[in-house]
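Enquirer: With the sequence up front, the predicted model follows.
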Amino acid sequence: MTDKKKIGNKGEELAAEFLEKINYKIIEKNYRFGKGEIDIVCEDPNNKNLVFVEVKSRTNLNFGDPIYALTKRKMVQLRKIADAYIYEKKIDNIDCRFDVVTILYKPKEKPDIKHYINAF
């Protein structure tokens, strides 16, 4: 496993823990469709929305904040995968949204975790 993959996996674990701490119900992790994946599918405790979460992790800011790693192309792909998830699970009459959780690892500090609700 590459370092990049390990960093991404750890970021997804931290994001799931973060969401659970704010009472989101994790429904599924790493939902795959075709060549794509949705990192976390969960339920918002406040309004029962179905939330598709993309996690972006970085070890430094050399390429900017992790939120900038989310491209238009990735957003289109995530929408297609979410549509497949909704179809496959026969979900009807529920509001859905896309959130992003970013993880910035800092040397000798806790990771900086940010939650962008309804990010796109």
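Expert: That came through, no problem.
Enquirer: for the chain, what's the longest helix?
Expert: Using DSSP state H to define each element, the chain has its longest helix at helix 3-21.
Enquirer: Centre of the chain to it, how far?
Expert: 9 Å (C-alpha atoms, centre = their mean, to the nearest Å).
Enquirer: Please renumber the chain so that the first residue is 643 from this point on.
Expert: In the new numbering, first residue 643, that becomes helix 645-663.
Enquirer: Could you list the buried residues of it?
Expert: 650, 653, 654, 656, 657, 658, 660, 661 (16 or more other C-beta atoms under 10 Å). For the C-beta atoms, the positions are set from N, CA and C on the backbone; glycine is no exception.
Enquirer: What's the first helix or strand after whichever strand or helix holds residue 681?
Expert: Assigned by DSSP states H and E, residue 681 belongs to strand 678-685. Downstream of strand 678-685, the first helix or strand assigned by DSSP H and E is strand 692-700.
Enquirer: my read: residue 745 touches residue 711, true?
Expert: No. If you go by C-beta atoms under 8 Å, residue 745 and residue 711 don't touch, sitting 11.1 Å apart.
Enquirer: Now do the shared contacts for these two.
Expert: Common contact partners of residue 745 and residue 711 (C-beta atoms under 8 Å, 6 or more residues apart in numbering): 698, 700.
Enquirer: who has more neighbours, the two?
Expert: Counting neighbours by other C-beta atoms under 10 Å for residue 745 and for residue 711 shows that residue 745 has the greater number, 23 against 15.
Enquirer: Can I take it that that one is in a helix?
Expert: No. If the criterion is DSSP: H, G, I helix; E, B strand; the rest coil, then residue 745 is strand and not within a helix.
Enquirer: Let me see the contact set for it.
Expert: Applying C-beta under 8 Å, 6+ apart to residue 745 gives the contacts 652, 653, 656, 657, 697, 698, 699, 700, 708, 753, 754, 755.
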